[in-house]
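K.L.:
here are the coordinates; sequence isn't available:
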């Protein structure tokens with residue numbers, strides 16, 4: 001499927017049958033226990049957090065969760081977290097840091113929820129706080145974009161030592177439709193916007209914004225949830241083994257330098 005355009009990959013990343021976070025958890029780890037609530041306001045079902053075992057090693061898992069049917073989509077708010085979701089993820093990640101447990105995040109969101117209630121409770125502050133704190137956490141962190149990587153809503157759990165993308169996922173500061181609406185005053189140029197945004201894994205790898213691209217089953221991950229999960233599990237075990245050998249001070253310095261270098265270029 002190398003012939004696919006950028007916008008066709010956008011549509012594939014949004015496929016309604018793609019595996020979501022809890023689908024991966026079922027196959028990637030064992031004995032998963034979910035942790036609820038941010039201890040400040042509420043529990044946000046759009047982000048799921050918890051602990052499990054990966055190849056016998058305790059890990060912290062954090063991921064966006066979308067719904068399949070209408071009831072689930074509304075319950076999960078279409079995978080768009082509110083501030084309490086990001087504050088919950090921070091609380092759980094700090095707990096992982098306390099007990100020296102590596103963190104694995106799974107990114108799949110159109111973006112953070114832009115509603116008035118979310119803004120009233122400090123959506124931007126919650127995201128910015130996570131960015132700062134994740135950059136300094138003294139445990140290995142691996143982030144994987146499994147579907148949509150939408151703007152700050154994705155980046156809020158994406159500051160990591162390794163940033164991966166599945167073959168047909170996307171990662172962008174804005175959705176192509178929204179970009180088209182701003183630049184062309186309509187959404188008819190979404191395909192052109194998708195090409196210009198450089199949101200595919202191949203584009204982002206060339207720009208050194210991600211570390212690795214994980215191949216998907218023929219036709220996309222939606223065709224083989226278990227196969228995709230097995231492949232992802234093996235890759236995460238490998239990367240976690242590599243990161244575990246790096247001294248913590250060196251790990252944090254590398255993570256900081258990695259993100260500080262993004263966007264810097266010369267001619």
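P.N.:
Sure thing, it's come through. Note that the structure is a prediction, hence the values are computed from the model and not measured. Residues are numbered from 1 along each chain as shown.
K.L.:
residue ranges with poor pLDDT in the stretch 51-200 of the chain?
P.N.:
Within the stretch 51-200 of the chain, not a single segment meets pLDDT under 70.
K.L.:
which residues of it fall in strands?
P.N.:
57-64, 103-109, 141-150, 162-166, 170-172 (DSSP state E, counting those that start in this stretch).
K.L.:
So what pairs up with the closest residue in space to residue 99 that isn't next to it in sequence in the strands?
P.N.:
Spatially, and ignoring its direct neighbours in sequence, residue 99 is nearest to residue 58 (7.7 Å; Cβ to Cβ, 6 or more residues apart in numbering). C-beta here means a position set from N, CA and C on the backbone, and glycine is covered the same way. On the basis of DSSP bridges, residue 58 is bridged to residue 53.
K.L.:
how close does residue 58 sit to residue 80?
P.N.:
29 Å (Cβ to Cβ, to the nearest Å).
K.L.:
Kindly report the same for residue 147.
P.N.:
In terms of Cβ to Cβ, residue 147 sits 13 Å off from residue 80.
K.L.:
all helices of the stretch 101-250 of the chain, in order?
P.N.:
Counting by DSSP state H, counting those that start in this stretch, the segments of the stretch 101-250 of the chain that form helices are 116-120, 123-134, 151-155, 176-183, 190-197, 201-206, 225-244, 248-260.
K.L.:
which stretch among those comes nearest residue 106?
P.N.:
helix 225-244 (9.0 Å; Cβ to Cβ).
K.L.:
ok, residues contacting the closest one?
P.N.:
Outside helix 225-244, the residues within contact range by Cβ atoms under 8 Å, 6 or more residues apart in numbering are 19, 23-24, 26-29, 54-55, 57, 59, 102, 104, 140, 142, 144, 146, 161-162, 164, 166, 212, 214-217, 221, 251.
K.L.:
and what of stretch 194-211?
P.N.:
5-7, 9-10, 145, 162-167, 169-174, 176, 179, 212-213, 261-262.
K.L.:
Find the centremost residue of the protein, please.
P.N.:
For the chain, the residue nearest the mean C-alpha position is residue 107 (1.7 Å; Cα atoms, centre = their mean).
K.L.:
Surely it and residue 142 touch.
P.N.:
No: with contact defined as Cβ atoms under 8 Å, residue 107 does not reach residue 142; the gap is 11.2 Å.
K.L.:
Surely residue 36 is in contact with residue 88?
P.N.:
Yes: contact between residue 36 and residue 88 holds when scored by Cβ under 8 Å: they sit 7.5 Å apart.
K.L.:
Looking only at neighbour counts, state which of the two leads.
P.N.:
residue 88 (28 against 14; other Cβ atoms under 10 Å).
K.L.:
circling back to that earlier point, among the contacts of stretch 194-211, the buried ones, what's the ChimeraX command?
P.N.:
Written as a ChimeraX command, the selection of buried residues from those, which uses 16 or more other Cβ atoms under 10 Å, is:
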select :6,7,9,10,145,162,163,164,165,166,167,169,170,171,172,174,176,179,213
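K.L.:
Tell me who's in contact with the residue nearest to residue 159 when sequence neighbours are not counted.
P.N.:
Of all residues not flanking residue 159 in the chain, residue 134 sits nearest, at 3.8 Å (Cβ to Cβ, 6+ apart). Applying Cβ under 8 Å, 6+ apart, one finds that residue 134 lies in contact with 93, 141, 157, 159, 160.
K.L.:
same question, residue 20
P.N.:
Contacts of residue 20 by Cβ under 8 Å, 6+ apart are 63, 64, 65, 66, 79, 108, 146, 147.
K.L.:
now it: how far from residue 155?
P.N.:
19 Å.
K.L.:
Next: residue 107.
P.N.:
8 Å.
K.L.:
So residue 5 sits against residue 191, correct?
P.N.:
Yes: using Cβ under 8 Å, residue 5 is in contact with residue 191, at 6.6 Å.
K.L.:
any shared contact partners between those two?
P.N.:
Counting by Cβ under 8 Å, 6+ apart, nothing touches both residue 5 and residue 191.
K.L.:
which residues touch residue 178?
P.N.:
Per Cβ under 8 Å, 6+ apart, neighbours of residue 178: none.
K.L.:
quick one: it from residue 193, how far?
P.N.:
Taking Cβ to Cβ, one finds residue 178 at 8 Å from residue 193.
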